[in-house]
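[1] The following block contains a protein sequence and its predicted model.
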Amino acid sequence: MGKALKRVFRLFREKGGLLKALDLWGWYEELDVIRQREVKKYYSLKVVKDLSFPYRAEHFDSGEVKTSYTKRTFIATLAQTALLEGDFEVAEWLYTEALKLEGTPYEAHLILNDLTLLARSLGDRSKMKLYCEEDLRLFPEYREELMKRHGGKLPRINSFELYLHLLEREGRQKDALSLLEFMRKEGIEFPHYEEMRDRLLSL
């Protein structure tokens, strides 16, 4: 079968699978060929390596599939797979794409926290700050959901803690103290409050 004929068959193939269930065909087809391959690669690795993942290779783009994923969480789970494989460039790209897709502020919070960890691994301080600040900005929108998922209390928040240390390193102790007191007031768990407060006040 010639290449042209194969292209025709691809154009008229039935569009199914998770891409159809999540209405992601338009997003996927707008990607260049290299990015499409990366998406399929990390989907395939997810299928092979994550025993709790309920789908098979063919479910990516064929068959009738039901799913509890949102567009955002599906792409983010592929990003997480790329991150675990050490492919930081693709992981960051997929996480960033996930943030553009529809989803909840809580989902965005989880993605931003992964992005802060990724930026920290790369030692990219400007991106660390960018992702931390975005997560802080979103806090009022995901606060209640976060509490609900942690038994009515607010847990430790990685982006808040990382931002505290970044502010301290930059000599912005007033801003760091303001954030620390905000965390205390909101009831965000942070076991090093006294130690951090004393250190900031001594600067």
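    Perfect, I can see it now. For clarity, every value in this text was computed on a predicted model and none was experimentally measured. Residues are numbered from 1 along each chain as shown.

[2] what about the strands in the protein?
    With DSSP state E as the criterion, the chain has no strands.

[3] all helices for it, in order.
    Per DSSP state H, the chain carries helices over the ranges 3-12, 17-21, 25-29, 33-49, 71-84, 88-100, 105-122, 125-148, 158-169, 173-186, 193-202.

[4] Out of those helices, which gets nearest to residue 64?
    Of all these, helix 17-21 sits nearest to residue 64, with 8.0 Å by Cβ to Cβ. (Glycine included, C-beta is placed from N, CA and C.)

[5] from the chain's centre, how far out does the closest one sit?
    20 Å (Cα atoms, centre = their mean, to the nearest Å).

[6] So which residues make contact with that helix?
    Residues outside helix 17-21 that contact it (Cβ atoms under 8 Å, 6 or more residues apart in numbering): 24-25, 28, 55, 58-63, 65-67, 69, 74.

[7] can you do 7 Å?
    Contact with helix 17-21 is made by 25, 28, 55, 59, 60, 61, 62, 63, 65, 66, 67, 74, as judged by Cβ atoms under 7 Å, 6 or more residues apart in numbering.

[8] Just say which of the helices of the chain is most tucked in.
    Sort those by mean neighbour count, taking mean count of other Cβ atoms under 10 Å, and helix 71-84 sits at the top with a mean of 22.

[9] what's the offset of that helix from the middle of its chain?
    Here helix 71-84 is found 7 Å from its chain centre; the criterion is Cα atoms, centre = their mean.

[10] got it, and stretch 17-24?
    Centre-to-centre, stretch 17-24 and its host chain are 19 Å apart (Cα atoms, centre = their mean).

[11] mind saving the C-alpha coords of stretch 190-200 as CSV?
    Extracted in CSV, the C-alpha atoms of stretch 190-200 (Å, rounded to 0.1, in the frame of the first residue of the first chain):
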residue,chain,number,x,y,z
PHE,A,190,4.4,23.6,58.2
PRO,A,191,6.4,22.0,61.0
HIS,A,192,9.3,24.4,60.8
TYR,A,193,7.3,27.6,61.5
GLU,A,194,9.1,28.7,64.6
GLU,A,195,12.6,27.9,63.2
MET,A,196,11.8,29.7,60.0
ARG,A,197,10.3,32.8,61.7
ASP,A,198,13.3,33.1,64.1
ARG,A,199,15.7,32.9,61.2
LEU,A,200,13.9,35.5,59.1
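
[12] Show me the least confident stretch of the helices of the chain, going by mean pLDDT.
    For the helices of the chain, mean pLDDT drops lowest on helix 3-12, to a mean of 48.

[13] tell me the contacts of the closest residue to residue 176 other than its chain neighbours?
    Residue nearest to residue 176 in three dimensions, not counting chain neighbours: residue 167, with 3.9 Å by Cβ to Cβ, 6 or more residues apart in numbering. Listed by Cβ under 7 Å, 6+ apart, the contact partners of residue 167 are 175, 176, 179.
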